[in-house]
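> Okay, predicted coordinates and the sequence, questions at the end:
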Amino acid sequence: MPHDVTLIATVAVGFVLAFVFGYFASRFHLPPLVGYLVAGVVIGVGMNVLALSSSAVRAGFASGFTADAAMAGQLAEIGVMLLMFGVGLHFSLRDLMAVRRIAIPGAFLQIILATVVGAVLAKVFGWTWGAGLVLGLSLSVASTVVVLKALEARNGVETPSGRMTVGWLIVEDLAMVLALVLLPAFAGSLGGHVPAAGPDHGSDAGLAMTLLHTGLKVGTFVALVMFFGPRVMPWLLRQVARTGSRELFTLCVLSVAIGIAFVSAKLFGVSYALGAFFAGVILSESELSHKAAENSLPLQDAFAVLFFVSVGMLFNPAILVQQPLMVFAVLLLIVVGKPLISLGIVLAFGYPLSTGLLAAASLAQVGEFSFILAGLGITYHLLPPEGLSVILAGALLSIALNPLVFGLADRINVYVRGNARLFNRLEGERSGPQRALQAELERVKQEQYERSLARKRFTPEELVSQFPLFADLTPEQRELLLLHFETREAQPGDRLIRAGEKADLAYFIAQGEVEVSPRAHEQKIKLQAGAFFGEMALLSGERRSADVTALDYSKFLTLSARDFRLFLGKYPFLRQQIAAKAAERGEMNIRASRPPMPGGTSSTSPTSPAT
Ligand code: CMP
């Protein structure tokens, strides 16, 4: 074939093998992720074999495959971006705050302790302190993907212990993002090589400048994104959602994720991972975020697979023979040392054993951040190349062993439960902090529930049962209409519309009651949930014909003048019904404004809900 098909070949080989090995991994009750990593290892070994065979080199196979490795690296980078975007999308500061008392100190203590042990280990193997730092940091952070998958499998994400573990992980992830940003700044002083164009890190002044520079860049980026993001993104998503095109919506979500990640890396020198994480955080503020998450999930999954494959490709199995002791020591640190450290911290904070065991088992592996950090360590010549292989071996083995670690934790739990005295000491007497955590989580949940009620968006079914007016719209049309609605609340006595003003909104009463006082006469009309008002001036182009005041705690769906006209233009039967109601009300006002009825009519005369 004359044209270059490297990309296609990379994606095809990567996906097919990942699928095959992932499938078998899951048949053996291992996370599919192990299969993806193994697929990568197989491809990597295959490449090496081809590269060694001189005839293959002549035939051009090997060079073709070398290009694959570089390409796979870039595809993997996209995977990391989407992964971090997903983490950001699900990140909730409130959730984190609920578990902060244990998650923040726990994560930091664990990182510090694990890093120290890792660094000492590296020193024992004759590496520099710089290499030790990178190794220690890499081993101190667990894979969010693996933990979430493990917790999901045991229905544990929503339990207090599960929430605590996830919070702990998020703190770890954030700390790693910080490490990724700071590592280049410190590379020089840790004994690494900084690429020629890089700033001078040798002297203290140089280091201070670099730190300041990095801090400023990251600060500017975060400030810009946090300031403009919540103002622009929800608006943008709504506009795109209104087009009714799902692919445009997905495209918009992806462009935001990858666009922000790319621009942040180019302009601010912030890592792709951090950029994508913040893109996710911003979008999570929008009420359309779950739709965004849903749409980007398949791509996230696909590219994450390529990420794990490419990590496997980098792995050199020879390391198991060359450095068996080192691999064993690293594995021991991940599978035994780290869990013991986390268990100790959780127990020291007064939580029950079962909570500690869940955290310990969850954290007994390393994943994506370790590879990224190790990769950066190699770029800056801090970590010797075999360091990455050792970390990869540790990651591969620890992820594969993770189900066993969970099994062991379960056994310990069962044993303790079977022993009344032990149970009392390790669970019963330690239930205080756990209960406090549970209460805090309940409170956050309640708050979230109330907030979501306050800005509750109707489902298309609710819309129709509440407003039969919309019954003739198709489900898609209802959905689109819902996107145009804003919600507005009012307290008893709030004036919603003032007679004589210019018209801006049409109101649909979702809850509560309002009182209409037309300018033309003294009668007051009550409208209840299901009715609408504010349509007359919008239709006629004249000023408001009445005062409208809320009588109790009310909730409305409102349509802007523009959207109101747009909709009536699109659906003539709606226009007809609404215009008929407006005409009826207009006539009533004219009639009522004629000679006053004998006996006075200024009393309130309720009307049935207009539709
Ligand atoms: P608009 O004139 O835009 O603003 C005031 C609203 O009060 C008006 O639209 C109608 O929706 C409502 N309104 C006015 N007169 C009556 C009436 N007689 N009965 C019910 N609603 C009315």
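Happy to help now that I have it.
> Which positions in the stretch 401-550 of the chain make contact with the ligand?
Proximity of the stretch 401-550 of the chain to the ligand, by C-beta under 6 Å from any ligand atom, involves residues 497, 503, 516, 518, 525, 533-538, 544-546, 548. For every residue, glycine as well, the C-beta is placed using N, CA and C.
> Contacts only, for R430.
Going by C-beta atoms under 8 Å, 6 or more residues apart in numbering, R430 touches 347, 350-353.
> part of a strand, is it?
No: assigned with DSSP: H, G, I helix; E, B strand; the rest coil, R430 falls outside any strand and is helix.
> Which two of the contacts of R430 have the greatest separation?
Between any two of the contacts of R430, the greatest separation by C-beta to C-beta is 11.4 Å, found for G350 and L353.
> The two: which is more packed in?
L353 (21 against 14; other C-beta atoms under 10 Å).
> Pull up the residues of the protein that are close to the ligand.
497, 503, 516, 518, 525, 533-538, 544-546, 548, 585, 588-589.
> and the longest helix for this structure?
helix 204-242 (DSSP state H).
> Mind giving me the packing neighbours of that one?
helix 160-187, helix 246-268, helix 272-284, helix 475-484 (3 or more C-beta pairs under 8 Å, 6 or more residues apart in numbering; DSSP states H and E).
> and those, which is most packed in?
Of all the helices and strands packed on helix 204-242, helix 272-284 has the most neighbours on average by mean count of other C-beta atoms under 10 Å, namely a mean of 26.
> orientation of that helix relative to helix 204-242 in degrees?
Interaxial angle of helix 272-284 relative to helix 204-242 (axes from the mean of the first three to the mean of the last three C-alpha atoms, to 10 degrees): 40 degrees.
> just use 26 as the starting number from now, easier for me
Understood, numbering begins at 26; the last thing we discussed is helix 297-309.
> Next secondary structure after helix 297-309?
Downstream of helix 297-309, the first helix or strand assigned by DSSP states H and E is helix 314-339.
> Could you pull out the buried residues of that next one?
Of all the residues in helix 314-339, those buried under the rule 16 or more other C-beta atoms under 10 Å are 314, 316-318, 320-321, 324-325, 327-339.
> What's the mean pLDDT across the helix or strand following it?
Under the assignment DSSP H and E, the closest C-terminal helix or strand after helix 314-339 is helix 344-347. Mean per-residue pLDDT for helix 344-347: 88.
> Can you give the contact residues for helix 344-347?
In contact with helix 344-347 (C-beta under 8 Å, 6+ apart) are residues 352, 411, 414-415, 418.
> From the chain's centroid, how far away is the helix or strand just after that helix?
Reading on from helix 344-347 to the C-terminus, the next helix or strand found by DSSP H and E is helix 349-357. Counting by C-alpha atoms, centre = their mean, to the nearest Å, helix 349-357 is centred 34 Å from the centre of its parent chain.
> now swap in stretch 48-65 and tell me
Centroid separation between stretch 48-65 and its chain, computed with C-alpha atoms, centre = their mean, is 25 Å.
> In which helix or strand does the residue of the stretch 26-175 of the chain found nearest the ligand reside?
At 39.0 Å from the ligand, R119 is the closest residue in the stretch 26-175 of the chain, using C-beta to the nearest ligand atom. R119 is located in helix 118-123, with elements delineated by DSSP H and E.
> Surely E560 and R600 touch.
No: counting by C-beta atoms under 8 Å, R600 is not a contact partner of E560; they are 10.2 Å apart.
> what sits against L236?
Contacts of L236 (C-beta under 8 Å, 6+ apart): 207, 210.
> swap that for R544, sorry
When contacts are counted by C-beta under 8 Å, 6+ apart, R544 touches 524-525, 570-572.
> Neighbours of the closest residue to L576 other than its chain neighbours, how many?
In this structure, L576 finds its nearest non-sequential neighbour in E538, 4.4 Å apart by C-beta to C-beta, 6 or more residues apart in numbering. Neighbours of E538 under the rule other C-beta under 10 Å: 18.
> Kindly state the beta-bridge partners for E538.
E538 has these beta-bridge partners by DSSP bridges: Q553.
> my read: it touches T574, true?
No: using C-beta under 8 Å, E538 is not in contact with T574, being 10.1 Å away.
> how about low-confidence regions in the stretch 426-575 of the chain?
474, 476-482 (pLDDT under 70).
> May I have the phi/psi pair for A531?
phi -110, psi 140 (degrees, to the nearest 10).
> ditto for the one 5 residues further on
The phi and psi torsions at Q536 (degrees, to the nearest 10) take the values phi -160, psi 140.
> can you check the one 10 residues further on too?
The phi/psi pair for H546 (degrees, to the nearest 10) reads phi -150, psi -180.
> what about the residue lying closest to it once chain neighbours are set aside, which helix or strand?
Take H546 and drop its neighbours on the chain: the residue closest to it by C-beta to C-beta, 6+ apart is A617, 3.9 Å away. If you go by DSSP H and E, A617 is part of helix 597-618.
> OK, now which residue of the stretch 376-525 of the chain is nearest to the ligand?
For the stretch 376-525 of the chain, C-beta to the nearest ligand atom, closest residue to the ligand: I522, 4.8 Å.
> what about the closest residue to P517 other than its chain neighbours, how many neighbours?
Leaving aside its chain neighbours, P517 sits nearest to D577 (5.1 Å; criterion: C-beta to C-beta, 6+ apart). D577 has 12 neighbouring residues, counting by other C-beta under 10 Å.
> Next up, the contacts around D577.
517, 537-538.
> ok, back up a step: helices - which of the contacts of helix 344-347 land there?
Per DSSP H, the contacts of helix 344-347 map to helices at 352, 411, 414-415, 418.
> in the stretch 476-625 of the chain, which spans are strands?
Per DSSP state E, counting those that start in this stretch, the stretch 476-625 of the chain carries strands over the ranges 511-515, 520-522, 530-536, 538-543, 550-553, 557-558, 571-575, 579-585.
> Pick the most deeply packed of the ones you listed.
Taking mean count of other C-beta under 10 Å, strand 557-558 is the most buried of the strands of the stretch 476-625 of the chain, at a mean of 24.
> Show me what it is packed against.
Judged by 3+ C-beta pairs under 8 Å, 6+ apart, the packing partners of strand 557-558 are strand 530-536.
> Contacts for the strand it packs on next, please.
483, 491-492, 510, 512-513, 521-522, 552-560, 563, 573, 578-586, 589, 634.
> How far away from the center of its chain is the helix or strand hosting V171?
Using DSSP H and E, V171 sits in helix 169-178. The chain centroid and the centroid of helix 169-178 are separated by 14 Å under C-alpha atoms, centre = their mean.
> With stretch 374-383 instead?
Here the centre of mass of C-alpha atoms in stretch 374-383, compared against the chain's by C-alpha atoms, centre = their mean, lies 27 Å away.
> For it, buried residues please.
Buried, per 16+ other C-beta under 10 Å, within stretch 374-383: 374, 376-383.
> Okay, and which of those residues map to strands?
When DSSP state E is applied, the buried residues of stretch 374-383 are split such that none fall in strands.
> which secondary element of the protein has the worst mean pLDDT?
helix 79-84 (a mean of 49; mean pLDDT, DSSP states H and E).
> residue contacts, the residue nearest to I283 when sequence neighbours are not counted?
Once flanking residues are discounted, I283 sits nearest to M106: 6.0 Å by C-beta to C-beta, 6+ apart. By C-beta under 8 Å, 6+ apart, the residues touching M106 are 282-283, 286, 297-298, 300-301.
> For M106, pull up the helix or strand it's in.
helix 86-115.
> what about that helix, distance to the chain center?
Here helix 86-115 shows a centroid-to-chain-centroid distance of 19 Å under the convention C-alpha atoms, centre = their mean.
> and the angle from that helix to helix 297-309?
Helix 86-115 and helix 297-309 are oriented at 40 degrees to each other (the same axes, to 10 degrees).
> so where is this structure shaky, pLDDT-wise?
Scanning the chain for pLDDT under 70 picks out the ranges 26-30, 77-94, 218-232, 269, 294-295, 310-312, 315, 474, 476-482, 621-636.
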